[in-house]
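*Asks:* Could you look at this predicted model? Sequence included:
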Amino acid sequence: MSEGKALSTWLDNLLTELEGIEIRRKSSRRLRIDVEASALPALLELLRGRASYVHLSAISCVDWPDEAQFELVYHVWSYELQSLVSAHTRIPRKPGVYISVYDIYTPAAFFERDIHEMFGVFFEGSPDMSKFILTEWDGPPPMRKDFDSEAWVNAHFDFQDYNPDWLQEIIAQGGGIAIRPDEQRFSRGPEPTAKGAGNKTVDKGTDER
Amino acid sequence: MRPENYEAQRHPPSNEYELNIGPNHPGIEGNYAFKLRLHGDRVIEGRADAGYLHRGFEKLMEGRLWIQNLAITPRICVPDPVPMEISYCLAVEDLCGLEVPERALWLRVLQAELSRLAAHLFTFGGHAATTGMYTPMFWGIADRDLILDLFEELCGGRVYHIYNIPGGVRRDMPPGFIERVSNTLDYLETRLPDYDNLMFKNLVFVQRARGVGVISQEQALDWAVTGPNLRATGLALDVRRDDPYLIYDQLAFDIPTEDGGDAWSRALVRRKELFESIKIIRQVLAKLPSLPGPIRCPIPNPLAWNVPAGSTYVRMESSKGELAWYVVSNGSEKPYRTHVRGPSQMHAVQVLEKLSIGCRIEDVAQIMFSLDACPPEVDR
Amino acid sequence: MSDIDYKDHGGVLAPLKNLRFFGRNAVTVPLDPRTASANYRGFHLNDWQACVGCSTCQKVCDNAAITMVEIPGLPEDPVKGVRNLRPAIDYGRCCWCALCVDLCPTGSISLSREYVHTCVDADLDSYFVLPDSNGIHGVAYDKGWAKSVESDLVALERTDMTEAAPEARIDNFEEIVAGYDKNQAIIEASRCVQCGMCHDACPTRMNAPEYIRAIWQDDMEEAVRQIYRTNPFAHTCGRVCTHRCETACSVGHRGEPIAIRWLKRYAMDAVAPERVKQIAAEGKPGYVTGKRIAIIGAGPAGLTAAFDLAKQGHEVQVYEAMSQAGGMTRYGIPYYRMPADMLDRDVEVIQSLGVKIQYNTRIGVDLRMDELQQQFDAVLIAVGLWTGRSTRIQGADNDGVERAVELLRKVADGEPIRVPRQAVIIGGGNVAMDIARTLARLQKHRYGEVAITLTALEDIDHFLADRDEIKEAREEGVEILDARGPQQVVIENGGASGLCTWKVLSIFDEKGRFAPKYNADDQLIHPGDMIVEAIGQAADIALLGEALTEELEWNRGRLKVDDGLRTSADWLWAAGDMVRGPDVVTAVADGHKAAASINQFLCIREQAA
């Protein structure tokens, strides 16, 4: 596998020479590269064309609303080097537009279409930006953090109301439903009770002492 | 698509017509729609239409605690749920730095290979059915049932195992389990010649499957084809060998390949993989008695468990191809982003569309089944 | 495996090979329901005897499938941590993941091997079930996936805390426990399942789940804020409370309860005193009500009431007979359990709210009750139980016989006491342990060796002292002899030389009255030049004066009070040990109750006027 070794050394040298990219090697087969959005297509072309990373495994999108950015991650695998490179880049959330890498990797079409549908990111040059999974959905891109899917479901659907005999008997004896499931869901987070209205005003810095 | 939302399109008079296959169709694997434009019996264009199995898992996972997502993961790919569970657990273990005890790793390989067996048996039936042979379907599902019995014993569930947990597995094998697995494998091995006679050597099947849906090696690499589909083009590439996870680097198994790149080659590769999986399982069964010890490393109270911030990309070889998960944590008790890359996302969409161009209408279903395209993975 | 050769047609007789299929058994699956495997995850079963209604299953269910139903008639005991709630499952939402089973603290809920249920649309209510031990259709199926050691997700083991070894601690009074460090505290706090049993069991209804969660999130100021909602004596309670919370903790049913007390100690120590004062003062109004309240006794009850009243805008004046505040927590609990400087922090926070404490002031001597009645709008008496009871056995009036409460007070006050060469302690409660271990330290320091014998009426399993105290006392060299009743003090040359005890056969009679029976043949003389009685405490109520004592109503030696702790005199309230018996956290709860009642009374008077 001396060809592979030569490639690997060449790649490492090249990557260290390029400016503006940050490299973190997680393990022998995982490498993370952070690169500017404008430089990413060139990096991918280099990886595919010269460093044998021919396989595009996936393109992931992560929504960072606090930083007003989308993070796009391109995971490419090289069968020769048996190593994965994840190229991370950030684009501003508004306007949420990026360039397609379909001309470099054909599988990108699927991921870009999916990301467009779910996050609203438009990829210029991608062959098909029409809806794929959510063809009848006209709401906001649902994978964005500001879309609360559970709230939407609760607003649009009714959950089954049950009134079985055993419950009626218990209610007749003086018992009944004590805690509904939605009141105690850890995934929704127990609300810290002290941060009620009263304390919030004092929290903003009183100087009584 | 709901009938009320469907608008019939008017085309100028031509020899072409549109045919919508699915989502509820025996020629479609799962719930999936495929819109064909045909000229007579020949397909001119095919467009995949997904979304009938969209449950929004990636969003759901962001709203649930790390431990609660275990119940969701097997449902992402129904015929082969184990790699989904394992890859989620591998991702969490990677983020947390958990060390999985050895016994658990071997148990995971046992599950994964049994699941591969079950999935392949299922696919044989499907593929044969698209060529008009229904007996392999009955046989495949009946034999798969024996494997589901094994899963029921080990995991407590036949299809949705919910057996893996970050740190290991939830239960140890019941007593006598190794023997029962071994007996089931023995039985399956006696069945293999029957399957060969019925299906793989059957001229009916061979003539239907040969030359259909041909993928060349360049196309396979270009279209990100993985799994048995890739190996059917002659390339011996397998995530278990190239990017080893669990304890696959300690196991002896071959990577079967075929040269044709057509539907028959793909069926043959799966047929040979059955044999390899049985080999692997026997090695695991031989090793397990000498591996005492815990089946799980300690994890914090699931209600108060913050996974350290970071991101990880986990790759596995499911029965259908390369399965990968990209998991991002922001240090809280819920995942920040989980992205599932199912192999069928390539196979069921672009590859299927490209391969169906120019084929006959009766082969469309066969191409889909030969690619082992699994719509739940596409839709999530 | 050789390659499949499809070209091999096999000859014209090949199809005949398939005749062998006639010899094969058909695959036959019986139509009866199949017994599921031993691990199967079927419908729920719940053992109502073991279930305590903690609702942890509801919290971990990812599909919100569990509803807690209140069932009248089931046992409800906040002290033991038992609620009359039971889970009901909505099978339209349940996915049978068995996380509820794995996380159940008591192990009561499990999944059975039953898996068949059908119904028509009209009977959809049958999807909502209240599982008990009988199965949802009333047919008993075996358990499938149940609690097991491998799959148990409850964190059963408590994080260890560093404590000084007996050799290191025996000759000094330094605090024995080192407390948790940050990592240990976060791990210990993460064990909590937030069931709230601790909240129900605590006399002050403290918000323990909230402060434990805040500690886990490393938000120490929030933890202090939650603690101060119910307890301004948290440095103290975090060290010496009788922790009913831990007794009720649902994790404690099968494992070790969460170290709620040590976590409180950790949280209070973690925030700077100045910041604690600011947090404690949050919510204090900017106005004053103009009402003045006198509190007699700067102990937990008195100062808690002072804290509450000051935070409501009243003017509070506390009168304390000793030279420092704290009451029994300073003068009754030894330093190695309750370092006085941490107690000082609690007191300083209360003082920072404007509460004034006047020390060395004895009511009845320096000020009279009727003066207080005139000068203040309300008076709260919380003087505690400072007089030690005597066994009144023969020789108990000798100089060599001391009361434990007296001795402890002197030691805490810095007054020198005679350190005996050998001491015998009578009593089996916490006070007896305190004096035994205090004298042990003084002996070790003075003479280089410990010689303490402790005797009590109860047998060792029924000692009133904490198990930890007994264990640590033994480690420090205290000899503990149980079930022995003191008969007389042996006098020699005018001083005590030993204690004569008989074996106790029983303590209470059939009616439950105190009537100990002894075996006079089993007699021991325990040598000792000091005998210490630690058998109970009484209040010194001479301060009330004769007239007031006559006027007030009494209940078996203690002041009679209503639900708001008001005595029969409408201007006088009483709280704490003197009303309830010795216990710090009950005194704190009393302080709250009295303050609320006083506040209500004062407001009503204001409106009336």
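*Replies:* Great, that's in hand.
*Asks:* near chain A, which residues of the stretch 1-150 of chain B?
*Replies:* Counting by Cβ under 8 Å from any Cβ of the partner chain, the residues of the stretch 1-150 of chain B close to chain A are B:1-2, B:5, B:48-51, B:54, B:56, B:58-60, B:63-65, B:68. For the C-beta atoms, the positions are set from N, CA and C on the backbone; glycine is no exception.
*Asks:* Now, of those, which are buried?
*Replies:* Neighbour counting with 16 or more other Cβ atoms under 10 Å in any protein chain shown marks B:48-51, B:54, B:56, B:58-60, B:63-65, B:68 as buried within the residues of the stretch 1-150 of chain B next to chain A.
*Asks:* So which of the residues you listed sit within strands?
*Replies:* If you go by DSSP state E, these have B:A48, B:D49 in strands.
*Asks:* contacts with chain C among the buried ones among the residues of the stretch 1-150 of chain B next to chain A, please.
*Replies:* Answer for those near chain C (Cβ under 8 Å from any Cβ): B:R64, B:L65, B:Q68.
*Asks:* Any stretches of chain A with poor pLDDT?
*Replies:* Within chain A, the set of residues satisfying pLDDT under 70 comprises A:1-10, A:16-19, A:186-209.
*Asks:* all helices of it, in order?
*Replies:* Along chain A, counting by DSSP state H, helices occupy A:2-17, A:40-51, A:108-119, A:149-156, A:165-173, A:197-203.
*Asks:* Quick one: distance of the fourth one to the chain centre.
*Replies:* Spelled out, it's helix A:149-156. Helix A:149-156 sits 21 Å away from the centroid of its parent chain (Cα atoms, centre = their mean, to the nearest Å).
*Asks:* Would it count as contacting chain B?
*Replies:* Yes. Helix A:149-156 reaches chain B (Cβ under 8 Å from any Cβ) through A:S149, A:E150.
*Asks:* neighbouring contacts of that helix?
*Replies:* For helix A:149-156, contacts defined as Cβ atoms under 8 Å, 6 or more residues apart in numbering or on different chains pick out A:G139, A:P142, B:G56, B:K59, B:L60, B:G63.
*Asks:* Setting the sequence-adjacent residues aside, check what's closest to the third one.
*Replies:* If the residues on either side of it in the chain are set aside, B:G56 comes closest to A:S149, at 6.1 Å by Cβ to Cβ, 6 or more residues apart in numbering or on different chains.
*Asks:* One more: B:G293?
*Replies:* B:R103 (5.1 Å).
*Asks:* What's the local residue count around the one you found?
*Replies:* 21 (other Cβ atoms under 10 Å in any protein chain shown).
*Asks:* List the contacts of it.
*Replies:* Contacts of B:R103 (Cβ under 8 Å, 6+ apart): B:D172, B:L288, B:L291, B:P292, B:G293, B:P294, B:I295.
*Asks:* what's the answer for C:V379, then?
*Replies:* Counted by Cβ under 8 Å, 6+ apart, C:V379 has contacts C:I293, C:A294, C:I295, C:I296, C:M369, C:L372, C:Q373, C:W571, C:L572, C:W573.
*Asks:* So which bits of the stretch 151-300 of chain C are right by chain A?
*Replies:* So the stretch 151-300 of chain C meets chain A at C:194, C:207, C:209-210, C:213-214, C:222, C:225-226, C:229, C:277-278, C:281-284, C:286 (Cβ under 8 Å from any Cβ).
*Asks:* Just the buried residues of those residues.
*Replies:* C:194, C:207, C:209-210, C:213-214, C:222, C:225-226, C:229, C:277-278, C:281-284.
*Asks:* Among those residues, find me the one that's closest to chain B.
*Replies:* C:Q194 (6.8 Å; Cβ to the nearest Cβ).
*Asks:* What segments of chain B are strands?
*Replies:* Taking DSSP E as the criterion, chain B carries its strands at B:16-21, B:33-39, B:42-49, B:164-165, B:168-169, B:310-318, B:321-329, B:337-341.
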